[in-house]
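Visitor: I'd like to go over a predicted model; first the sequence, then the structure.
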Amino acid sequence: MPDNTLQALDNLLALTSVRQKVIARNISNLNTEHYQREEVAFDEFFNAGLSSAMKATEEKHIGGINTPKFSDMHVKIVKDETMDYNSGLNNVNIDKEMSDLAENQILFKFAAKKINGYFRSLQDVIKGSGR
């Protein structure tokens, strides 16, 4: 697995960790009056990583992809300004939060499984066991 792929998976693990905390905070404030739900500005994170990672060295070529580290990127947690107060207290929708939580869990498991497989194959090579 190329280093840039490993770095991208590491970034995904870090991003899902941040999203987990934000979703948990939203759920825990479900009954807090005037609380505004928060979310991670994933599009900005993705676009910042992609624009700095994809650089053409020649007109007809795509250069090597240098995936920036998560710590070098600025992840933004933004307030959801919608005034959808279905609960009468705040704009937290438990169904949306649970859906976001499930999606986040799938992303985390994917990245963790891919990284685990990579290091397991390295371990097999080091031990000399063939599959």
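Guide: Done, it's in. None of these values were measured; they are calculated from a predicted model.

Visitor: Tell me the first helix or strand C-terminal of the worst-scoring helix or strand of the chain on mean pLDDT.
Guide: When each helix and strand of the chain is scored by mean pLDDT, DSSP states H and E, helix 42-53 comes last, with a mean of 54. Remark: after helix 42-53, the chain's next helix or strand is strand 77-79, criterion DSSP states H and E.

Visitor: which neighbours does that next one have in its sheet, and in what orientation?
Guide: Strand pairing for strand 77-79, determined by DSSP bridges: strand 38-40 (antiparallel).

Visitor: Other residues contacting the partner strand?
Guide: Contacts with strand 38-40, where a contact means C-beta atoms under 8 Å, 6 or more residues apart in numbering, come from 15, 18-19, 22, 25-26, 75-80, 100. For every residue, glycine as well, the C-beta is placed using N, CA and C.

Visitor: okay, those in CSV with pLDDT next?
Guide: Formatted as CSV, these follow (pLDDT from 0 to 100):
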residue, pLDDT
15, 91
18, 93
19, 94
22, 96
25, 96
26, 94
75, 74
76, 80
77, 83
78, 85
79, 85
80, 82
100, 95
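
Visitor: so which of the residues you listed is the most crowded?
Guide: For the contacts of strand 38-40, the largest number of neighbours (other C-beta atoms under 10 Å) sits with residue 26, at 25 neighbours.

Visitor: So for the strand or helix carrying it, what gets flagged as buried?
Guide: Taking DSSP H and E as the criterion, residue 26 maps to helix 3-28. Using 16 or more other C-beta atoms under 10 Å as the test for burial, helix 3-28 gives 7-9, 11-16, 18-20, 22-23, 26.

Visitor: ok, now stretch 92-103?
Guide: 92-93, 96-97, 100-101.

Visitor: which strands and helices sit next to the longest helix that the chain contains?
Guide: Criterion DSSP state H: the longest helix present in the chain is helix 94-127. Applying 3 or more C-beta pairs under 8 Å, 6 or more residues apart in numbering; DSSP states H and E, we find helix 94-127 packed against helix 3-28.

Visitor: same for the helix it packs on, what does it pack against?
Guide: Packing partners of helix 3-28 (3+ C-beta pairs under 8 Å, 6+ apart): strand 38-40, helix 42-53, helix 94-127.

Visitor: Alright, calling it a day.
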